[in-house]
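**Student:** Could you work out the structure for the sequence below:
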Amino acid sequence: MKRVMILGQPGAGKSTLARRLGARTGLPVVHIDRIHWSPGWVERAMPQKLPLIRSAEAQESWIIEGGLSATYDTRLARADTLIVLDLPVWLRLWRVLKRRFEYAGGQTRPDLPENCPERIDPEFLKWIWDTRRLNAEKNREMIARAGPEVTVYHLRSPRAVRRFLAGLDAGRVSGHEAGHGTGHDRTAGASG
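**Tutor:** Next up, the predicted model:
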């Protein structure tokens with residue numbers, strides 16, 4: 001596990017998992033939101049984003065979490081591990097609302113640039129709801145596109161994420177033991 005691509009819809013826990021995985025493995029963590037946004041919630045233009053993500057992808061090792069689907073193919077081509085967080089929409093909506101209150105008072109989450117205080121609006125919540133099936137389908141397509149050299153973890157519950165991290169801590173999740181080089185799809189429970 002040297003280059004890890006983490007995908008999931010808003011509220012799935014991508015940033016949290018990336019930070020925890022980075023702390024356990026020592027791999028550098030790249031948050032796509034830091035590439036997508038400049039301080040003050042100013043969206044970067046695509047010609048500004050692409051060199052930033054390409055530079056990150058070119059590194060020897062990384063954990064890259066988040067969207068920017070225009071770079072999925074090149075990121076997946078470099079990744080040796082793909083983690084897809086596929087959690088229920090009700091849980092993701094709850095987490096998005098919860099973090100709004102957790103980072104109230106103008107605080108910025110660690111996965112965002114400075115001066116990007118947590119915000120939420122009805123349009124964002126509606127977008128999460130309206131795109132729940134389409135985005136989940138796109139993430140499953142990424143699993144199907146992962147080559148045999150990519151170890152895939154399709155985690156569908158908080159319990160599955162905890163088991164994945166516990167396996168990593170116990171040494172049961174590594175390149176060889178997890179089926180590295182086999183394209184093994186370790187799906188983990190929908191309950192939890």
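
**Student:** Quickly note the distance from the nearest residue to residue 37 once chain neighbours are set aside to residue 52.
**Tutor:** Leaving aside its sequence neighbours, residue 37 sits nearest to residue 113 (CB to CB, 6 or more residues apart in numbering; 5.5 Å). Every C-beta, even on glycine, is put in place using the N, C-alpha and C of the backbone. According to CB to CB, to the nearest Å, residue 113 stands 12 Å off from residue 52.

**Student:** about what we covered before: surely the residue nearest to residue 37 is within a strand?
**Tutor:** No: secondary structure of residue 113 (DSSP: H, G, I helix; E, B strand; the rest coil): coil, not part of a strand.

**Student:** tell me the pLDDT at it?
**Tutor:** You'll see residue 113 listed with a pLDDT of 86.

**Student:** do the same with residue 44
**Tutor:** Per-residue pLDDT puts residue 44 at 95.

**Student:** got it, and residue 60?
**Tutor:** On pLDDT, residue 60 comes in at 96.

**Student:** swap in residue 53?
**Tutor:** Looking at residue 53, its pLDDT reads 94.

**Student:** tell me, how many neighbours does residue 169 end up with?
**Tutor:** By other CB atoms under 10 Å, 10 other residues sit near residue 169.
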